[in-house]
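> Build me a model:
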Amino acid sequence: QLQLVESGGGLVQPGGSLRLSCAASGFTLDAYAIGWFRQAPGKEREGVSCISSSDSSRTYADSVKGRFTISRDNAKNTVYLQMNSLKPEDTAVYYCARYPRYYCSDGLGGVYWGKGTLVTVSS
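Numbering: from 1, shown residues only. Next comes the predicted model:
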């Protein structure tokens, strides 16, 4: 059964760090681009970061550039999102998603979603 399971969310103070994990089961990640998205209360879902299957390309939203780092360990079938210098506006449910291809794209047709993990940045 195909699954993406996010973990690592929680409550953190402003300026703190968290590392999110996206573990895949039922398929191998190495053929697919993986993206991280987030949705804050009352807001639309937004793309945060994406990594191509071979790790030749990584993209970031302007709002997280320089603070977040995406990476993947295909041997562990897992993608990570290291989040540093967290701000209250980073509070959201974070989702990982598998693209149906090896590269990241704007179109979300055929994307498979995890169920999300909540990140709360607050003092």
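
> For the nearest residue to S53 once chain neighbours are set aside, grab the count of nearby residues.
Spatial nearest neighbour of S53, chain neighbours left out: Y102 (3.9 Å); criterion: CB to CB, 6 or more residues apart in numbering. No exception for glycine: its C-beta is placed from N, CA and C like everyone else's. Y102 has 14 neighbours, counted by other CB atoms under 10 Å.

> Quick check on Y102: phi, psi?
When read as degrees, to the nearest 10, the backbone of Y102 gives phi -80, psi -10.

> tell me, what residue is most central in this protein?
Taking CA atoms, centre = their mean, the centroid of the chain lies closest to W36, which sits 2.5 Å from it.

> For my notes, confirm that one occurs in a strand.
Yes - using DSSP: H, G, I helix; E, B strand; the rest coil, the assignment for W36 is a strand.

> Distance check, it against Q1.
22 Å (CB to CB, to the nearest Å).

> just to revisit the earlier point, quick check: the residue nearest to S53 touching A33?
Yes - between Y102 and A33 there is a contact at 5.9 Å, judged by CB atoms under 8 Å.

> which residues do the two both contact?
S52, S53 (CB atoms under 8 Å, 6 or more residues apart in numbering).

> No further queries at this time; thank you.
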